[in-house]
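[1] this one's sequence-less:
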């Protein structure tokens with residue numbers, strides 16, 4: 001699909017100018033909020049905004065033009081995010097510079113005045129930041145952003161982070177040899193991303209916006225310009241575009257803002273002011289463009305028809321009127337989306353995928369596009385249905401019932417945000433900061449947003465929504481039409497045009513007003529009684545057991561106000577599958593799609609409008625798991641919903657409609673990239689074609705239905721051991737009462753999770769130690785190389801910890817060899833995977849995606865790297881660079897509800913795992929280089945590896 005920027009909808013939405021300064025206190029008394037420090041709307045291209053930011057933000061600008069935004073926040077506690085964004089991207093590139101913005105981003109990690117080449121990432125790893133996870137950067141068409149996630153809000157670490165940002169901004173060295181090495185990495189990245197999906201997106205962009213600069217400025221660049229890039233050219237781009245006036249620093253975290261502001265000044269005040277050219281427009285886009293058609297074919301593509309027209313971009317200042325209109329359009333688009341979703345959920349859905357929206361194409365145009373994806377040959381019905389529903393909305397508007405459903409959802413979203421205002425995350429504030437930095441809107445705070453939503457809610461009428469959507473939409477007369485798929489449409493483009501024209505002319509009726517029923521699952525019998533009630537002293541987790549066998553684990557926290565994580569763990573999972581029935585629980589993720597006995601899934605969505613509840617269901621190796629995040633006010637309904645799926649799943653055939661329609665496309669895409677080919681081939685190779693770990697023929701999936709799933713899981717739903725966990729902001733006694741009325745009220749269940757017999761727990765690792773060759777249908781220069789060794793299961797805690805650390809050591813060594821020294825791959829990998837379900841089973845794997853011409857050299861380099869670790873072990877610096885980020889992650893586990901859930905979810909059924917997790921830092925600290933060397937010698941003998949080479953079907957010419 002084309003790259004479109006959607007109009008900003010602050011669901012951080014609305015706030016009046018007065019409300020931005022005055023908010024109701026806890027007793028309803030207006031309190032005067034401290035204004036944001038240093039706020040100057042003209043500095044942020046927001047002079048036409050009618051709003052002021054909520055208190056606690058700090059804004060500033062240095063004399064050289066660099067701007068900064070600071071926000072103190074303690075969620076997660078004692079951590080911080082540091083971001084530097086340069087208003088330079090691929091749109092700024094000249095014809096001979098295609099890909100240079102992205103190339104410069106890479107060079108930021110390859111040497112500067114005060115940080116030698118190759119040392120930036122190592123320096124950060126020594127401080128506990130993992131490359132990729134905590135240290136990263138990204139380049140888009142309009143901007144480049146550098147990202148550091150600080151695991152500790154330590155002033156020295158902040159100083160280092162800002163020093164590195166300053167080096168990137170004004171001190172890069174662009175050594176010619178470093179450029180040559182990094183060119184290989186970038187070409188490898190380009191090669192890896194060159195998939196059928198990307199090529200389809202680029203073609204679509206070029207079709208709908210043919211003369212635009214954006215269509216010619218994909219950030220990855222071209223092979224020709226990248227091959228010709230040299231140090232002088234990259235430096236010229238960097239010096240021209242990286243200037244203080246185009247740079248914004250954002251620091252959000254557990255720091256004193258005075259300290260942060262002083263540190264920014266200290267590091268960046270000496271950066272010399274300079275000007276750079278204005279960023280070119282992403283256009284031009286011709287709004288009169290119409291009547292063209294195109295076909296794009298690829299053997300892996302889903303059949304899809306997209307129609308569209310473009311219009312003039314509308315500058316919508318951040319005013320009350322525009323926020324209200326944005327809200328009205330959002331309601332209309334949500335209603336249209338619900339109508340299309342309802343059709344897609346039917347037993348015989350008219351389309352596989354669908355979208356209908358008017359979006360901004362940067363600031364160059366607006367575009368209204370309708371898209372329908374379908375099974376092969378069924379495009380006429382698909383696109384006609386989308387056009388009909390879109391026109392029904394634009395001609396007749398929404399119903400009162402549809403408005404009520406969406407306003408209920410919106411009110412709840414605003415209310416939930418307000419309740420959680422004091423415990424927003426660093427990431428949430430960072431996103432708000434960049435809305436300011438990019439001149440999009442002023443974040444005014446959840447309390448004010450809720451107040452103005454309340455004021456506007458009465459104005460969200462069918463008539464107002466219809467008027468707002470009509471004012472925004474672009475007429476689709478004589479539209480552009482693009483067909484993509486595996487085979488050309490029958491009748492060619494003439495047939496597609498005729499079908500679209502007919503659908504645009506066909507009369508459409510008004511929508512019917514639907515009825516919304518009441519939730520039927522509120523009584524599960526007499527409340528259960530508690531027979532055990534204890535508290536784990538070191539963690540404060542309360543564990544209870546009901547007379548019917550249900551286990552309940554509770555951990556209250558103050559980490560996220562008004563949020564409760566709920567997890568249901570049920571005995572079963574993939575261990576219910578067998579060689580004879582390898583797909584027995586394949587449909588488990590679709591259980592909720594089948595609705596309940598007394599409500600379809602679609603009915604549930606309307607019934608539960610305005611409530612913070614959900615129902616997922618998935619299969620792990622030996623358990624089924626359902627997760628949800630709710631609020632204290634909706635906790636009872638959340639538990640009722642989960643209990644309803646446990647006791648009365650609907651198994652409605654409509655739940656499988658979209659899935660069944662996707663099978664042909666899914667199988668057509670298998671093996672079309674090296675990674676896909678590996679994913680398909682790895683299981684059969686390692687398991688000697690055990691059907692439980694091998695893709696089955698498409699006919700086997702077509703034969704599946706809910707009766708197969710019901711037969712496999714009905715006994716577990718009714719009788720399996722059950723453990724409920726809650727983490728977050730709730731009252732323990734109330735939670736116990738609610739569980740007693742739901743899960744505690746169910747009939748007697750098994751008291752313990754089943755051990756399962758050894759036959760079910762057997763998973764073999766092939767005895768064949770040889771090279772296997774798989775082929776893929778992607779580009780002829782793409783190849784993939786993997787080594788795999790058998791290890792052990794998770795039962796030995798010390799061994800597991802050492803294998804985890806060894807994987808990180810090997811990852812660093814491979815990255816340094818394959819990426820930094822040889823420039824052969826975008827990313828190498830190393831991973832240890834140990835099973836908790838299959839006795840004795842574990843794997844250790846390494847690999848990389850490389851150019852097919854380099855596969856022999858890459859293989860030799862990988863073998864040499866492993867042999868060096870076996871012969872010498874890791875040096876102390878490598879060991880610490882591998883260990884520090886791991887230890888920081890372990891230290892921060894208890895700063896989020898998700899981290900606590902890992903300890904709470906199975907606090908009773910896996911009591912031993914609690915000690916295992918708590919002792920992990922101590923075990924990691926004790927591991928020596930000699931122990932890792934011995935471990936590598938024990939498991940990673942290159943001569944004993946299973947080697948998989950994934951090569952192209954067609955050799956490179």
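    In hand now; what should we look at? These numbers come from a predicted model, not from an experiment.
[2] which stretches in the stretch 501-650 of the chain count as helices?
    Using DSSP state H, counting those that start in this stretch, the helices of the stretch 501-650 of the chain run over 601-607, 635-647.
[3] who does the last one touch, helix- and strand-wise?
    When you say that, I think you mean helix 635-647. Helices and strands touching helix 635-647, as assessed by 3 or more Cβ pairs under 8 Å, 6 or more residues apart in numbering; DSSP states H and E, comprise strand 564-571, strand 623-630, helix 706-719, strand 722-728, helix 732-741. Heads up, the C-betas are built off the backbone N, CA and C, glycines and all.
[4] can you tell me which of the helices of the stretch 501-650 of the chain is nearest to residue 384?
    helix 601-607 (21.6 Å; Cβ to Cβ).
[5] looking at the helices and strands packed on helix 635-647, which is buried most?
    Of all the helices and strands packed on helix 635-647, strand 722-728 has the most neighbours on average by mean count of other Cβ atoms under 10 Å, namely a mean of 27.
[6] who's the nearest residue to residue 253 once chain neighbours are set aside bridged to?
    The shortest distance from residue 253 to any non-neighbouring residue, by Cβ to Cβ, 6 or more residues apart in numbering, is to residue 80 (2.3 Å). Beta-bridge partners for residue 80, by DSSP bridges, are residue 150, residue 253.
[7] likewise the one 5 residues further on?
    Per DSSP bridges, residues listed as beta-bridge partners of residue 85: residue 145, residue 248.
[8] helices or strands next to the longest helix along the chain in the packing?
    Longest helix in the chain, counting residues (DSSP state H): helix 320-344. In terms of contacts (3+ Cβ pairs under 8 Å, 6+ apart), helix 320-344 is packed against strand 353-361, helix 379-396, helix 400-419, helix 446-457, helix 462-472, helix 601-607.
[9] so can I have a markdown table of these showing mean neighbour count and distance to residue 522?
    Listed next are those as a markdown table, based on neighbours: other Cβ atoms under 10 Å; distance: least, Cβ to Cβ, whole Å:
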| stretch | mean neighbour count | distance to residue 522 |
| --- | --- | --- |
| strand 353-361 | 20 | 34 |
| helix 379-396 | 21 | 34 |
| helix 400-419 | 19 | 19 |
| helix 446-457 | 21 | 28 |
| helix 462-472 | 18 | 32 |
| helix 601-607 | 18 | 12 |
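[10] now render these as a markdown table, adding mean pLDDT.
    What follows is those, written out as a markdown table (pLDDT from 0 to 100):
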| stretch | mean pLDDT |
| --- | --- |
| strand 353-361 | 96 |
| helix 379-396 | 98 |
| helix 400-419 | 97 |
| helix 446-457 | 95 |
| helix 462-472 | 97 |
| helix 601-607 | 96 |
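[11] what would the ones you listed look like in TSV with distance to residue 491?
    TSV is the format used below for the helices and strands packed on helix 320-344 (distance: least, Cβ to Cβ, whole Å):
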stretch	distance to residue 491
strand 353-361	22
helix 379-396	9
helix 400-419	36
helix 446-457	48
helix 462-472	33
helix 601-607	34
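[12] so which of the ones you listed is nearest residue 733?
    Closest to residue 733 of the helices and strands packed on helix 320-344, according to Cβ to Cβ: helix 400-419, at 20.6 Å.
[13] quick one: stretch 64-76 to chain centroid distance?
    24 Å (Cα atoms, centre = their mean, to the nearest Å).
[14] span of that stretch from start to end?
    Using Cα to Cα, to the nearest Å, the span of stretch 64-76 from its first residue to its last is 33 Å.
[15] same check on stretch 218-226?
    Chord length of stretch 218-226, first to last residue, is 13 Å (Cα to Cα).
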